[in-house]
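# Give me a model of this one.
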Amino acid sequence: MNLFVFSQYVLMAALAIFAVATIRIVTRKTIAMGLVGLSGFTIAVATFLILLQNLYGIAFCRDIAMALLIMDMVGTIAFARVLRGYARG
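This is a model prediction of the structure:
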């Protein structure tokens, strides 16, 4: 096992810890903190999928990761617009 593969496994372990921390952030009382935690969790899962693609050569993991990131970005923008609309009215 060379250093590059070992560092990818260490990054996977760090992402697992980060995912647990973001799940804890999601369970906070405010909606904004839940949205931030969910966005962080999505980034952790997408990075994990990219690592799986690099380690094991699973080609569709990159596509799933890109779709997750795009849906996360669109969902965050849409939810922010809805919250801004409720604040005005």
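
# what's the burial count for residue 42?
Applying the criterion other Cβ atoms under 10 Å, we find 20 residues in the vicinity of residue 42. Backbone N, C-alpha and C define where each C-beta goes, glycine included.

# which residue sits closest to it in space, ignoring its chain neighbours?
With Cβ to Cβ, 6 or more residues apart in numbering as the measure, residue 72 is the residue that lies nearest to residue 42, at 4.2 Å, once sequence neighbours are left out.

# How about the secondary structure of the one you found?
For residue 72, the secondary structure call by DSSP: H, G, I helix; E, B strand; the rest coil comes out as helix.

# That one and residue 39 touch, don't they?
Yes. Residue 72 lies in contact with residue 39 (Cβ atoms under 8 Å); the separation is 5.7 Å.

# buried stuff in the helix or strand containing residue 41?
In this structure, residue 41 is located in helix 31-56 according to DSSP states H and E. The neighbour-count criterion (16 or more other Cβ atoms under 10 Å) identifies 35-53 as the buried residues of helix 31-56.

# same deal with stretch 72-80?
Within stretch 72-80, the residues that count as buried by 16+ other Cβ under 10 Å are residue 72.

# where's the helix or strand harbouring residue 64 relative to the chain centroid, distance-wise?
Per DSSP H and E: residue 64 is located in helix 60-88. The chain centroid and the centroid of helix 60-88 are separated by 11 Å under Cα atoms, centre = their mean, to the nearest Å.

# Now do it: which elements does it pack against?
Under the contact definition 3 or more Cβ pairs under 8 Å, 6 or more residues apart in numbering; DSSP states H and E, helix 60-88 sits against helix 31-56.
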